[in-house]
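Asker: give me coordinates for this.
(chains A, B, C and D)
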There are 2 protein chains.
Amino acid sequence: MKTKECKIPEATIKRLSTYINCLERLQVENHPVISSELLGEYCQVSPAQIRKDLSYFGEFGVRGVGYDTKKLEAEIKEILGLNNNWPTCVVGVGKLGLALLNFALFRKHGFSITAAFDSDPAKVGTELSAGITIQPTTEIEQTVTGKKILIGIITTPADAAQKVAEQLVAGGIQGLLNFAPTKVKVPEEITLRNVSITSELDNLAYLMTQKRRRS
Amino acid sequence: MKTKECKIPEATIKRLSTYINCLERLQVENHPVISSELLGEYCQVSPAQIRKDLSYFGEFGVRGVGYDTKKLEAEIKEILGLNNNWPTCVVGVGKLGLALLNFALFRKHGFSITAAFDSDPAKVGTELSAGITIQPTTEIEQTVTGKKILIGIITTPADAAQKVAEQLVAGGIQGLLNFAPTKVKVPEEITLRNVSITSELDNLAYLMTQKRRRS
DNA sequence: CCATCAATGTGATAACTCTCACAGAGTTGT
DNA sequence: ACAACTCTGTGAGAGTTATCACATTGATGG
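Answerer: Numbers count the residues shown, from 1 in each chain, chains lettered A, B, ... in the order given. Model prediction:
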C-alpha cells in the first residue's frame, strides 16, 4: 500500500469506514467481486466518489471487472490501521460508557481495553471482564503510565471531561475519543476526536423543523 | 429570525450545536456578552467562521461589543428548532438504547419519548419511566400511527435496522436517527441521519496509525 | 457632539471536495 | 489473435466551504 500524499479529506476516511461495513455484508451475501457502481448503491455513495477515495491510497481494482470484495476489505482495514492493537482505557462507566464497552467491537477496530475508571466509589472495584476492574479516577495518571495505555475514551458527564482529559494527558496518552458533550482542549501533539451525540440530535431537530417550515 | 436562503452548509449546523454548549458554559461562568474572538477560543472555531455561520440566519451581535450570551443561545435554539416537542420512539432497548434514553436530554433537544420497542420478549413489559413500557417490535407500525409519533431512533443491532426502519416508515414516521452500524435506506421524503459510532473509532485508529507511520 | 475605538457583517478570494467524462487496462467471446 | 466490451483510475472542471480583509456600525469618553 502506497500512501501518495497526506492530504486525504476527512470525509474520505469516514466513507472508508462505511465501505468496510458494506464489504462485510457483501461477502455474507456471496459477492466475491463488486463494481464501484454496485458498491455505491449499497452504501449510498457515487461510484466516482468510491473510485476517487480509493485512488488516494493506490489501485485496488481490476479494470473491466471490479474489486475483490475480501481483498478490498483487507486493504481498507490496513489503510485505517484496524489491525493494530492500541492499549486503551475508558473513563466514566455510566450508561454510555457501558454501552460502548463492547469489548469485541473495540477489538475489531484496533483497540484493546486495558483499564476502566469511574469517580463513583460505589462502582470502583466492580469487575467488568477478565482482568478489568473499575478503578478510581485518582489512579488514572499512574495506571496510564504504568500500563503504557495510548488511547483514552472519555464518557463522563460534561463537567468532568476536561479534568479527565488532563489526567490522561499527564499519564502520557497519545489519542483521545471524547463522547462528553463538551469539546476538550489538549496539547497539539495529542490526537483528539470529539464525538457529539447531542449535535446529531440537534441536526435532526433542525432538519425536521426546516421541513415543517417549508410546508 | 429571517432565514435568508436554504443553502446552509451542514458543517454550519453542526457548529451551531457546539456554540450552544459553549454559550451555556459561558453563562455559568458569568459572561453576559461575548465576542466572536473569545467564543471562538472556547469552542475552537475561528472567529470569522462563527460570524459567517451566524450571518446565514441574521444579525445577532452588536458592533463594537459582541453578542449577548443569553440572547444568542436562545436565537440558536430557535434556529435549530430545539423548542419543538417531537413525539419520538426508540427501537432497541439494549445498552446503547438505554444509554441514549436519557429523557431529560432528549427533552432538552426537542424530542419527547413516547414509546419504546424491543424484540426481546424478556424485556417487553418493562416500565422505563412514567407511562413508557417496552413494547414488542410487532407493534411498531400501529403504535407509531396511533400515537402520531414523528421521530424514530434506531438502536438495534445492524441486521435488524433496515427492517425496523421500514416498519417505522410504514407507521408514518417522518424522521429517523439511526445508530445501528449500517446505513438504512428509506424513501426520499423521510429525514434520515445515520450516526456511525464505529466510524469514529475507525477515524481515531486512522489518525493514530498515521502518526505512528510518520515517526 | 465629535473623535476614537472595538467588534460585527460581508463581499472577494482561496482552499478544498466532489463530479464528470474519458482514456486506458484487462477480460471475454469468436 | 483480435475485436468488442466493461469497469477502473484520474485529470479537468464545477461546486461548495472556509478564510481574509475591511467597510460599517454602534459604543464610549472627552
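Asker: is chain B within reach of stretch A:151-159?
Answerer: Yes: using C-beta under 8 Å from any C-beta of the partner chain, stretch A:151-159 reaches chain B at A:151, A:158. To be clear about C-beta, it is placed using only N, CA and C from the backbone, and glycine gets the same treatment.
Asker: restrict that stretch to CA atoms and write it as CSV.
Answerer: The C-alpha trace of stretch A:151-159 is given here as CSV (Å, rounded to 0.1, in the frame of the first residue of the first chain):
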residue,chain,number,x,y,z
ILE,A,151,-5.8,5.7,23.9
GLY,A,152,-8.3,7.2,26.3
ILE,A,153,-12.1,7.2,25.8
ILE,A,154,-14.0,9.8,27.8
THR,A,155,-17.6,9.0,28.6
THR,A,156,-18.0,11.2,31.7
PRO,A,157,-20.5,14.0,32.2
ALA,A,158,-19.6,17.3,30.6
ASP,A,159,-18.2,19.0,33.6
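Asker: could you point out which element follows the helix or strand hosting residue A:88?
Answerer: Taking DSSP states H and E as the criterion, residue A:88 maps to strand A:86-91. Next in sequence after strand A:86-91, counting helices and strands by DSSP H and E, comes helix A:95-100.
Asker: who's in contact with that following helix?
Answerer: For helix A:95-100, the surrounding residues in contact (C-beta atoms under 8 Å, 6 or more residues apart in numbering or on different chains) are A:90-91, A:116, A:118, A:153, A:155, A:179, B:94-96, B:98-100, B:102, B:197.
Asker: tell me the buried residues within the residues you listed.
Answerer: Buried subset of these (neighbour count, 16 or more other C-beta atoms under 10 Å in any protein chain shown): A:90-91, A:116, A:118, A:153, A:155, A:179, B:95-96, B:98-100, B:197.
Asker: need those in CSV with distance to residue A:211, can you?
Answerer: Formatted as CSV, these follow (distance: C-beta to C-beta, whole Å):
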residue, distance to residue A:211
A:90, 37
A:91, 38
A:116, 42
A:118, 41
A:153, 35
A:155, 32
A:179, 28
B:95, 31
B:96, 26
B:98, 29
B:99, 28
B:100, 23
B:197, 26
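Asker: name every strand pairing with the lengthiest strand in chain A and say which way it goes.
Answerer: Longest strand in chain A by number of residues, with DSSP state E as the criterion: strand A:111-118. Note on strand A:111-118: by DSSP bridges, its sheet partners are strand A:86-91 (parallel), strand A:132-136 (parallel).
Asker: what mean pLDDT does it get?
Answerer: For strand A:111-118, mean pLDDT rounds to 96.
Asker: buried ones in that strand?
Answerer: So strand A:111-118, judged by 16+ other C-beta under 10 Å, has buried residues A:111, A:113, A:114, A:115, A:116, A:117, A:118.
Asker: contact partners for the second one?
Answerer: This means residue A:113. If you count contacts by C-beta under 8 Å, 6+ apart, then residue A:113 has A:88, A:89, A:90, A:101, A:103, A:106, A:129, A:132 around it.
Asker: so where do the strands sit in chain A?
Answerer: Ranges of strands within chain A are A:33-34, A:61-62, A:66-68, A:86-91, A:111-118, A:127-129, A:132-136, A:151-154, A:175-178, A:191-194, based on DSSP E.
Asker: ok, residue A:85 - how many residues close by?
Answerer: Other residues near residue A:85 come to 10 when the count uses other C-beta atoms under 10 Å in any protein chain shown.
Asker: and it, how far from residue B:128?
Answerer: Separation of residue A:85 from residue B:128 (C-beta to C-beta, to the nearest Å) stands at 37 Å.
Asker: tell me where the model's unsure across chain A.
Answerer: A:1-6 (pLDDT under 70).
Asker: interface residues of it facing DNA strand D?
Answerer: A:34-37, A:47-48, A:51-52, A:54-55, A:59-67 (C-beta under 7 Å from any atom of the strand).
Asker: please redo it, this time with the cut-off set to 10 Å
Answerer: Within chain A, the positions near DNA strand D by C-beta under 10 Å from any atom of the strand are A:4, A:11, A:33-40, A:46-67, A:72.
Asker: pull out the buried members of those residues.
Answerer: Neighbour-count burial (16+ other C-beta under 10 Å) applied to the residues of chain A next to DNA strand D gives A:33-36, A:39-40, A:50-51, A:53-54, A:56-57, A:60-61, A:66-67, A:72.
Asker: in helices, which of those appear?
Answerer: Counting by DSSP state H, the part of those found in helices is A:36, A:39, A:40, A:50, A:51, A:53, A:54, A:72.
Asker: roughly how far apart are the first one and chain B?
Answerer: Here residue A:36 is placed at a distance of 17 Å from chain B (C-beta to the nearest C-beta, to the nearest Å).
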